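Enquirer: after the sequence you'll find the predicted model.
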Number of protein chains: 2
Amino acid sequence: MTAHHARPIAHGGRLDAARRLYPDAPRPWIDLSTGINPRPYPLPPIAPEAWARLPDDDAFAALEAAARGAWRLPDASALVAGAGGQAFIQLLPRVFPARRVGVLGFTYAEHAACWAAAGARTATAASLDELAAFDVAVIVNPNNPDGRLLTPAQLARLAQAMTRRGGLLVLDESFMDFTPHASATALAAMEGVVLLRSFGKAYGLAGLRLGFALCAPARAAALRAALGPWAVSGPALAIGARALADESWRHAAAAACAVDAARLDALLTRAGFTVVGGTPLFRLAAQPDAARRFVSLCERGVLARAFPERPDWLRFGLPADEAAWGRLAAALEAGA
Amino acid sequence: MTAHHARPIAHGGRLDAARRLYPDAPRPWIDLSTGINPRPYPLPPIAPEAWARLPDDDAFAALEAAARGAWRLPDASALVAGAGGQAFIQLLPRVFPARRVGVLGFTYAEHAACWAAAGARTATAASLDELAAFDVAVIVNPNNPDGRLLTPAQLARLAQAMTRRGGLLVLDESFMDFTPHASATALAAMEGVVLLRSFGKAYGLAGLRLGFALCAPARAAALRAALGPWAVSGPALAIGARALADESWRHAAAAACAVDAARLDALLTRAGFTVVGGTPLFRLAAQPDAARRFVSLCERGVLARAFPERPDWLRFGLPADEAAWGRLAAALEAGA
């Protein structure tokens, strides 16, 4: 186990910084630094009231019904909506304080940072067995950036152990939408589990700010009290309810992203990278020379995601269209 | 000084509940239960990127520049954007913990409730002198619901006293937009002040969820760390930046609301109420029989704001159009 670093954290999506660092790069930038679906859910018409009025219980209820259907959530699990998955990552350490927090493997850095900011001692665990010794265990599943995927059966044992001894298993399923068979929402009713879901990544609407915590009712009540009323915007409630009820779009989007992920793997392999893993929304590629390749891509207006802690890794999101595929292919070839 | 009640809190805008309680009321309901401008800022076109991408620093910077201009914010004061003024009311007690919190007069209930939920002892103070004895003093200015307005000079003394002894003055200016000459933003750079501003009320876009804390840089950094990245949606950043820079809309809206407020006062007076006060966005009216009048209005599809603690008061927002004015006038007359 290794100790975690303090903030600040490098994030994907920092196109503004890239533009300033590489002012001569060709425009428009091809931003592959996030795992956001580049083909967003088509925006439905938004009623004027969704903008004008404070969101009311009926709007929350419609969103909840759609989410329950989409995720086959057990009746015994409550659902809390917030302004993005990150809102819950910020909130969990304040609402469920703990002393010792273990995070599985190298993963999305905000979990450890937020627990540490709240005064917890955080450490990286290498296995589920190691995790079981902590007050709070955090698992990003599928994992960001390497896509490691644990089965609900593997997670159930840890969830039971945490529930038995009053601990907490945080399951971050931010990238689970396109692999729904692997979801552990069946565990979300257990006292020792909080399961997080994102809306913006799979639906390509990250600017909307919508995310969810699925958990037992007592934990949900505590989270709702901390969020306060009107934590989600009216447009987010309306668009989320519509999109989560649209099973055919989700199936088509999952298929399209799977095709693109395979195409991206082939492109990266041809360019000398070894594909380490990923999800349908991003691919993780390794190369000893990755730091230089990152700069070379930036000089050509292509932003990948680098990891200061893992200089041999680059993560790539899916290009949005043929123009972006062409720019990526040319930039990879030029830097090889 | 009196002790505060615990949650739950009655809020305006609960049209869903009113519909269920009065199923036979004529539709559409005329919702006058909030202080939200019924003529919203016209929605500008929203770039697809504002929905799709994670909001970046450039989008925050554009919003901040517009807000600074609109409010003549001193350079030494920082600005933090969040998903509505309520987000900051929830956050302040967690970020700046305190033991004894005084709230001036009868006012918006969420301040005391959130401090109490965080473990503080809260009390209502009757004067600025009483407030000065607390670790944290909360003043809603202009006050909701009675419109009591303190001058920047009156507030400056309390702000200085709080700053001197490491206390905190929370100034909630949620309803200040249309009386900008009375704003105390000049005090926002002081160490002992956090000033809150709302966007959705004056701009008629409460569903957007956008609010601000203005304060010294160290307090701003603590609030930003607690909010985390991407706390405001892309559409809120874009619309807020556009609207706050639009001085001519703000002047015209302030004038229109002032005219409507005077018209509402005349209507309420004619109907047997005594107008106690208010702001350009809502009026507070007193009548010994107010509880019965509230029910009578509901039966006619008009929702006012009642106060369980003050059964002789009703608060009325501005009707949106002539049809709403007509319905309100008829309903008031029928119940007189």
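Expert: Here it is on my side, so go on.

Enquirer: local confidence estimate at the nearest residue to residue A:321 once chain neighbours are set aside?
Expert: Closest residue to residue A:321 apart from its sequence neighbours, by C-beta to C-beta, 6 or more residues apart in numbering or on different chains: residue A:38 at 7.8 Å. C-betas here are computed from N, CA, C, even on glycine. On pLDDT, residue A:38 comes in at 98.

Enquirer: wait, what's in contact with the closest residue in space to residue A:184 that isn't next to it in sequence?
Expert: Take residue A:184 and drop its neighbours on the chain: the residue closest to it by C-beta to C-beta, 6+ apart is residue A:152, 4.4 Å away. Counting by C-beta atoms under 8 Å, 6 or more residues apart in numbering or on different chains, residue A:152 makes contact with A:182-184, A:186-187.

Enquirer: from the middle of its chain, how far away would the helix or strand hosting residue A:267 be?
Expert: Using DSSP states H and E, residue A:267 sits in helix A:247-270. In this view, helix A:247-270 has its centroid 17 Å away from the chain centroid, taken as C-alpha atoms, centre = their mean, to the nearest Å.

Enquirer: hmm, that helix in reach of chain B?
Expert: No: using C-beta under 8 Å from any C-beta of the partner chain, we find that helix A:247-270 stays clear of chain B, coming within 13.8 Å at best.

Enquirer: check which residues of that helix are buried.
Expert: By neighbour count on 16 or more other C-beta atoms under 10 Å in any protein chain shown, the buried set for helix A:247-270 is A:250, A:253-254, A:257, A:260-261, A:264-265, A:267-268.

Enquirer: return the member of the contacts of residue A:152 nearest to chain B.
Expert: The closest of the contacts of residue A:152 to chain B turns out to be residue A:183 (C-beta to the nearest C-beta; 23.5 Å).

Enquirer: for residue B:257, see how far away that closest one is.
Expert: The spacing between residue A:183 and residue B:257, counted by C-beta to C-beta, to the nearest Å, is 49 Å.

Enquirer: residue A:25 too?
Expert: Distance, residue A:25 to residue B:257, using C-beta to C-beta: 48 Å.

Enquirer: repeat for residue A:167
Expert: For residue A:167, the distance to residue B:257 - C-beta to C-beta - is 53 Å.

Enquirer: now do residue A:332
Expert: Relative to residue B:257, and taking C-beta to C-beta, residue A:332 is found at 58 Å.

Enquirer: not counting sequence-adjacent ones, nearest residue to residue A:156?
Expert: Spatial nearest neighbour of residue A:156, chain neighbours left out: residue A:187 (6.0 Å); criterion: C-beta to C-beta, 6+ apart.

Enquirer: what's the burial count for that neighbour?
Expert: Counted by other C-beta atoms under 10 Å in any protein chain shown, the residues lying close to residue A:187 total 23.

Enquirer: was I right to think it contacts residue A:163?
Expert: No: Residue A:187 lies out of contact with residue A:163 (C-beta atoms under 8 Å); the separation is 9.3 Å.

Enquirer: any common contacting residues for the two?
Expert: residue A:193.

Enquirer: reduced to three states, what does residue A:107 come out as?
Expert: Assigned by DSSP: H, G, I helix; E, B strand; the rest coil, the conformation of residue A:107 is coil.

Enquirer: I'd say it and residue A:144 touch.
Expert: Yes: contact status for residue A:107 versus residue A:144: in contact at 6.2 Å, counting by C-beta under 8 Å.

Enquirer: looking at these two, which one has more neighbours?
Expert: Neighbour count, other C-beta under 10 Å: between residue A:107 and residue A:144, residue A:144 has more, with 25 against 20.

Enquirer: name the nearest residue to that one, ignoring sequence neighbours.
Expert: residue A:108 (4.8 Å).

Enquirer: what's the burial count for that neighbour?
Expert: 21.

Enquirer: next, it: phi, psi?
Expert: Here is the backbone geometry of residue A:108 (degrees, to the nearest 10): phi -50, psi 120.

Enquirer: who's in contact with it?
Expert: Residue A:108 neighbours (C-beta under 8 Å, 6+ apart): A:140, A:144, A:172, A:174.

Enquirer: show me the contacts for the first one.
Expert: Applying C-beta under 8 Å, 6+ apart, one finds that residue A:140 lies in contact with A:104, A:107-108, A:111, A:172, A:174-175.

Enquirer: touching, residue A:320 and residue A:39? I think so.
Expert: Yes: the pair residue A:320 / residue A:39 is scored as a contact, 6.9 Å apart, by C-beta under 8 Å.

Enquirer: give the intersection of the neighbour lists for these two.
Expert: Shared contacts of residue A:320 and residue A:39 (C-beta under 8 Å, 6+ apart): none.

Enquirer: any chance you could map the strands in chain A?
Expert: For chain A, the strands defined by DSSP state E cover A:30-31, A:78-82, A:100-104, A:121-125, A:136-140, A:168-172, A:193-198, A:211-215, A:274-279, A:282-286, A:302-303, A:305-306, A:313-317.

Enquirer: the second one - contacts with which helices or strands?
Expert: Taking 3 or more C-beta pairs under 8 Å, 6 or more residues apart in numbering or on different chains; DSSP states H and E as contact, the helices and strands that strand A:78-82 lies on are helix A:57-71, helix A:85-95, strand A:211-215, helix A:217-227.

Enquirer: can we see that at 6 Å?
Expert: Applying 3 or more C-beta pairs under 6 Å, 6 or more residues apart in numbering or on different chains; DSSP states H and E, one finds that strand A:78-82 contacts helix A:57-71, strand A:211-215, helix A:217-227.

Enquirer: among these, show me which one is buried the most.
Expert: Among those, ranked by average contacts under mean count of other C-beta atoms under 10 Å in any protein chain shown, first place goes to strand A:211-215 (a mean of 27).

Enquirer: dump the residue contacts of residue A:73.
Expert: Going by C-beta atoms under 6 Å, 6 or more residues apart in numbering or on different chains, residue A:73 touches residue A:185.

Enquirer: mind redoing it with 8 Å?
Expert: Listed by C-beta under 8 Å, 6+ apart, the contact set of residue A:73 reads A:67, A:79, A:185, A:188, A:214.

Enquirer: nearest to residue B:284 among these?
Expert: residue A:79 (37.4 Å; C-beta to C-beta).

Enquirer: which non-adjacent residue is nearest the closest one?
Expert: Looking at residue A:79 with C-beta to C-beta, 6+ apart, the closest residue is residue A:64, at 5.1 Å.
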